[in-house]
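next comes the sequence, and after it the predicted model I'd like to discuss.
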Amino acid sequence: MIELQHLSVAAAPGARGAALRGVSLRIAPGEQVAVIGASGAGKTTLLMALACALQPLLGELKLFEVSPWQLSSAQRQRLRARLFLAPQVPPLPPRQRVVASVLAGRLPAMSLWTSLRTLWHPRDASLAHEALTTLDLADKLWERVDRLSGGERQRVGLARALVSQAELWLIDEPLSALDPTRAQQVITTLTERARREQRTLVVSLHQVAVARERFPRIVALRDGECVYDGPSSGLSDDALQALYAGREAGDSSHPAPMHNPGLPEAMCR
Ligand SMILES: Nc1ncnc2c1ncn2[C@@H]1O[C@H](COP(=O)(O)OP(=O)(O)OP(=O)(O)O)[C@@H](O)[C@H]1O
């Protein structure tokens, strides 16, 4: 499903240097993987690279058994329809109704005509309603997006993923605007739905406890490098302390040692 070999990626087109350096990973269909690491470690860059939103500087990326950057842009666009990237702050048009915003999750798999019709006359409101119900937001179906709280908007962004027909869900920090109870609900919804519908789930998280409890596999990044890839049970408290050692949220300037003795031996594949 996903294969990275020595992948290096800049955080934005034209940005200097690589935010992700030499990462090798293999993720099988149906797997559920949490990506953790301090602020600035490269989690978003990894998800963007997996979504073909950033072209690698070096190394190999394979998605669904093909190399996306060797395809024409039209072919790559079709490949993108097989995945869904939910950014941390979903790009929701402020005056749009929630129902239309949620159904936009289906657009990549629709023809232009069907997508226009869906936007202007939401026919699949029941689909959006069902997704919102699982996220405890059904009462906002006809609300305008700019009248929602930050946490509600975040859940609308996740409802988009739920209605999408993508095989691969890439979800960037889905819990950042949610209280602990809602966070548990949301992670349960995402993992159960992905399991039931046989989607592959890659989620970046700052909530390390959630990653350890709810995901069988963790990929840990530090300063753009993969320093752990393995079962959540193999990541000890000491290893986690080492992963975040000397880092404050938002501090990406601290130089990390190339090999940290506190971390278990890297199992990056
Ligand atoms: N648009 C950009 N231009 C240049 N550098 C960037 C850009 N966006 C991010 N970076 C840098 O790339 C590195 C990786 O950023 P990235 O957003 O992937 O980290 P992250 O682990 O997702 O962080 P956070 O947890 O804070 O969201 C950081 O050092 C960051 O400062």
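Received, thanks.

can I get whatever helix or strand V156 lives in in CSV? Just the C-alpha atoms.
In this structure, V156 sits in helix 150-163 according to DSSP states H and E. This file holds the C-alpha atoms of helix 150-163, laid out as CSV (Å, rounded to 0.1, in the frame of the first residue of the first chain):
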residue,chain,number,x,y,z
GLY,A,150,-12.8,25.3,16.4
GLY,A,151,-13.5,21.8,17.8
GLU,A,152,-16.7,21.5,15.8
ARG,A,153,-14.9,22.6,12.6
GLN,A,154,-12.3,20.0,13.2
ARG,A,155,-15.0,17.3,13.5
VAL,A,156,-16.6,18.5,10.3
GLY,A,157,-13.2,18.0,8.6
LEU,A,158,-13.1,14.4,10.0
ALA,A,159,-16.6,13.8,8.9
ARG,A,160,-15.3,14.5,5.4
ALA,A,161,-12.9,11.7,5.7
LEU,A,162,-15.7,9.4,6.9
VAL,A,163,-17.8,10.1,3.8
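
in this structure, what helix or strand scores lowest on average pLDDT?
The helix or strand of the chain with the poorest confidence is helix 112-120; it has a mean of 58 (mean pLDDT, DSSP states H and E).

show me what from this structure comes close to the ligand.
Residues of the chain found near the ligand (C-beta under 6 Å from any ligand atom) are 11-12, 15, 19, 37, 39-45, 252. Using the backbone N, CA and C atoms, a C-beta is placed for each residue, glycine as well.

just the ones of these in helices?
K43, T44, T45 (DSSP state H).

how near is the second one to L168?
Read it as T44. 16 Å (C-beta to C-beta, to the nearest Å).

quick one, helices of the stretch 51-200 of the chain?
Under the criterion DSSP state H, counting those that start in this stretch, helices of the stretch 51-200 of the chain are mapped to 73-80, 98-103, 112-120, 125-134, 150-163, 180-196.

return the set of residues that bridge with the residue most central in space within the chain.
With distances taken as C-alpha atoms, centre = their mean, I171 lies nearest the centre of the chain, 2.2 Å away. Beta-bridge partners of I171, counted by DSSP bridges, are A86, V203.

A220 too?
I36, Y228.

how far away is it from the ligand?
Using C-beta to the nearest ligand atom, to the nearest Å, one obtains 11 Å as the distance from A220 to the ligand.

also W169?
When W169 is compared with the ligand (using C-beta to the nearest ligand atom), they lie 17 Å apart.

ok, how many other residues are close to that residue?
24 (other C-beta atoms under 10 Å).

return the residues in contact with it.
By C-beta atoms under 8 Å, 6 or more residues apart in numbering, W169 lies in contact with L83, F84, A86, A161, L190, A194, R199, T200, L201, V202, V203.
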